[in-house]
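Colleague: what would the 3D arrangement of this be:
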Amino acid sequence: VMRSIMEGKDAEIRKLTERLQSSTVKTGWMQADDKKKVHIAASDALVQLQVSKELLAKVLNK
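Modeller: Numbering: from 1, shown residues only. So this is what the prediction gives:
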């Protein structure tokens, strides 16, 4: 039972890590002269922050 719980957590951590990486990639193409892109990048940064917070919590709870 413990092992399946750990594997479940590993899967969650992997999924969160992938989400974090994809939002990091999206933030990379930000151009400061385009207001819409700045807004998108800012919201992506907030998503990254939230996901990394969740990821940290999951890792620490492991």
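
Colleague: before we move on, which element is residue 14 in?
Modeller: Using DSSP states H and E, residue 14 sits within helix 2-28.

Colleague: list the buried residues in the helix or strand following that helix.
Modeller: Sequence-wise, the next helix or strand beyond helix 2-28 is helix 35-61, with elements assigned using DSSP H and E. Within helix 35-61, the residues scored as buried using 16 or more other C-beta atoms under 10 Å are 41, 44, 47, 48, 51, 52, 55, 58. Every residue, glycine included, has its C-beta placed from N, CA and C.

Colleague: which of those residues lies closest to residue 19?
Modeller: residue 51 (5.1 Å; C-beta to C-beta).

Colleague: shouldn't the closest one be in contact with residue 22?
Modeller: No: checked against C-beta atoms under 8 Å, the pair residue 51 and residue 22 is beyond contact range at 9.5 Å.

Colleague: ok so, going back, quick one: average confidence on the helix holding residue 14?
Modeller: For helix 2-28, mean pLDDT is 70.

Colleague: now stretch 53-62
Modeller: For stretch 53-62, the per-residue pLDDT averages 82.
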